[in-house]
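K.L.:
here is the input, now give the coordinates:
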Amino acid sequence: MLLSLHVKNLALIEEAEVEFAPGLNILTGETGAGKSILLGSVNLALGAKADKDLIRRGAEYALAELTFSDDDERIREKLSEMELPCEEGAVTISRRLQTGRSVSRINGETVSARQLKELSELLLDIHGQHEHQSLLHKKKHLEILDAYAGEEILTPLKKVRELFHEKNRIWNEITGQEMDEAKRKRETELALFEFDEIEQAAPIAGEDEELESKYRRMANSRKIGESLGACYRFSGGEEEGASFFVSRAVRELSQAAVYDDGLRGLSEQITEIESLLNDFNRELSDYLADMEFDGADFAAVEERLNSLNHLKEKYGKTIEEVLAYKEELSEKIEKLNDYESYMALLKKKYDETEKRL
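P.N.:
Numbers count the residues shown, from 1 in each chain. Now for the predicted structure:
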């Protein structure tokens with residue numbers, strides 16, 4: 001709602017302040033009293049084209065300032081979106097004209113013509129003989145009517161909107177599923193073929209990741225084996241390895257600890273290190289033994305991985321997506337096998353939704 005209009009040094013007006021009350025406000029006066037100038041100043045503040053001749057003779061500038069209430073949530077959201085200050089209870093728009101330039105502000109912040117236009121569309125609509133009138137735009141009629149009805153219409157409006165979208169969804173499904181006997185047969189055959197291909201492969205979620213890890217291990221087994229073998233030698237699998245020297249250190253420190261109690265802590269630490277190193281060597285030896293596999297194992301892993309990758313190329317980026325597509329195919333096959341009943345059910349739902357509207 002427009003609360004007030006302040007005009008200064010505009011045309012014949014030296015300074016004027018007009019306050020507006022809720023409901024109908026009427027400006028009256030004789031011809032030439034300045035009614036048109038006041039109304040023009042509203043347009044001026046909202047970004048209308050300015051003429052330098054509008055500045056009152058003898059004045060350095062002209063000012064048109066409007067103050068609105070901000071009780072509409074859309075106004076506060078727009079101010080926040082434009083990163084403008086939101087003064088509690090009011091929005092002030094001002095425009096200052098000087099020779100050769102003009103400056104517009106919203107709540108004291110300088111703004112561009114585009115920002116001013118975006119906000120003014122939410123604040124005020126001027127209806128005049130030569131103005132752009134939203135009342136004449138058919139697409140605005142429902143918005144104006146809904147705004148007038150206020151909160152009373154929110155619940156039924158939401159329900160109607162939901163029913164409308166549901167009706168369109170069902171209609172799109174009906175038109176998308178309509179097909180003749182030949183097309184239905186082709187669709188059924190394709191769906192069955194794709195379903196059987198996935199069914200026969202029997203993919204398991206996460207299987208591809210496990211196989212890829214195993215394949216990398218097998219494909220690089222020689223390099224892995226060489227590295228682990230070297231590690232085993234260095235850690236103590238052979239003489240001159242770490243275990244050999246740690247064992248000698250344990251014996252030497254144990255002998256010294258007999259004569260010096262202060263060395264018992266260090267002796268216990270090196271003994272624990274020896275135990276950990278021996279455990280490590282046993283696990284490393286077992287791992288090396290498990291790495292032994294024949295070419296048939298490698299070929300089987302490679303073939304299975306290729307099969308899964310083929311499914312992912314056709315039906316989804318992951319095995320999970322492939323399995324989800326399989327479920328969709330199952331539903332599609334069921335609908336196609338009972339096509340007449342399925343279409344009849346859709347049309348019944350459409351008719352019921354239309355009646356509720």
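K.L.:
so which helix or strand takes in residue 6?
P.N.:
In the assignment (DSSP states H and E), residue 6 maps to strand 2-10.
K.L.:
typed the wrong thing, it's residue 264
P.N.:
With DSSP H and E as criterion, residue 264 is part of helix 264-290.
K.L.:
packing partners of that helix?
P.N.:
If contacts are counted by 3 or more CB pairs under 8 Å, 6 or more residues apart in numbering; DSSP states H and E, helix 264-290 sits against helix 221-232, helix 242-257. Glycine gets a C-beta too; all of them are placed from N, C-alpha and C.
K.L.:
to residue 30, which of these lies closest?
P.N.:
With CB to CB, the closest approach to residue 30 among the helices and strands packed on helix 264-290 belongs to helix 221-232: 101.5 Å.
K.L.:
got the contact list for stretch 50-64?
P.N.:
Residues outside stretch 50-64 that contact it (CB atoms under 8 Å, 6 or more residues apart in numbering): 5-14, 41-42, 44-45, 94-100, 102.
K.L.:
oh, I was asking about stretch 227-239
P.N.:
So stretch 227-239 is contacted by 241-244, 246, 277-278, 280-281, 284-285, 287-288, 291 (CB under 8 Å, 6+ apart).
K.L.:
so what's residue 291 up against?
P.N.:
217, 221, 224, 225, 228.
K.L.:
please spell out the PyMOL selection for the buried subset of the residues you listed.
P.N.:
Buried members of those, defined by 16 or more other CB atoms under 10 Å, are picked up in PyMOL with:
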select buried, resi 224
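K.L.:
picking that back up, which of the contacts of stretch 50-64 count as buried?
P.N.:
5-11, 13, 41-42, 44-45, 94-97, 102.
K.L.:
between the contacts of residue 291, which is closest to residue 341?
P.N.:
Using CB to CB, the contacts of residue 291 come closest to residue 341 at residue 217, 52.7 Å.
K.L.:
leaving out sequence neighbours, find the closest residue to the closest one.
P.N.:
residue 224 (6.8 Å; CB to CB, 6 or more residues apart in numbering).
K.L.:
do residue 198 as well
P.N.:
residue 326 (4.6 Å).
K.L.:
wait, doesn't the one you found sit right on residue 195?
P.N.:
Yes - using CB atoms under 8 Å, residue 326 is in contact with residue 195, at 6.4 Å.
K.L.:
where in the stretch 51-200 of the chain is pLDDT low?
P.N.:
125-137, 176-181 (pLDDT under 70).
K.L.:
can you map out the helices along it?
P.N.:
73-81, 113-123, 138-149, 154-177, 181-201 (DSSP state H, counting those that start in this stretch).
K.L.:
what's next to the last one, contact-wise?
P.N.:
Helix 181-201 is touched from outside by 179, 307-308, 311, 314-315, 322-323, 325-326, 329-330, 332-333, 336-337, 339, with contacts defined as CB under 8 Å, 6+ apart.
K.L.:
are any of the residues you listed buried, and which?
P.N.:
307-308, 311, 315, 322-323, 325-326, 329, 332-333, 336, 339.
K.L.:
residues near the closest residue to residue 235 other than its chain neighbours, how many?
P.N.:
Once flanking residues are discounted, residue 235 sits nearest to residue 242: 4.9 Å by CB to CB, 6+ apart. Neighbour count of residue 242, defined by other CB atoms under 10 Å: 17.
K.L.:
tell me the pLDDT of residue 242.
P.N.:
Note on residue 242: pLDDT of 85.
K.L.:
what is the burial count for the closest residue to residue 75 other than its chain neighbours?
P.N.:
Leaving aside its sequence neighbours, residue 75 sits nearest to residue 122 (CB to CB, 6+ apart; 5.4 Å). By other CB under 10 Å, 16 other residues sit near residue 122.
K.L.:
how about residue 122, what does it touch?
P.N.:
72, 74, 75, 78.
K.L.:
mind checking how far the spatially most central residue of the chain is from residue 119?
P.N.:
Central residue of the chain (CA atoms, centre = their mean): residue 81, 17.6 Å from the mean position. Look at residue 81 and residue 119: by CB to CB, to the nearest Å, they are 10 Å apart.
K.L.:
over to residue 99?
P.N.:
Residue 99 is 27 Å from residue 119, by CB to CB.
K.L.:
partner residues bridging residue 6?
P.N.:
residue 17, residue 65 (DSSP bridges).
K.L.:
neighbours of residue 295, just the number please.
P.N.:
Neighbours of residue 295 using other CB under 10 Å come to 8.
K.L.:
and the gap between it and residue 301?
P.N.:
For residue 295, the distance to residue 301 - CB to CB - is 11 Å.
K.L.:
perfect, that will be all.
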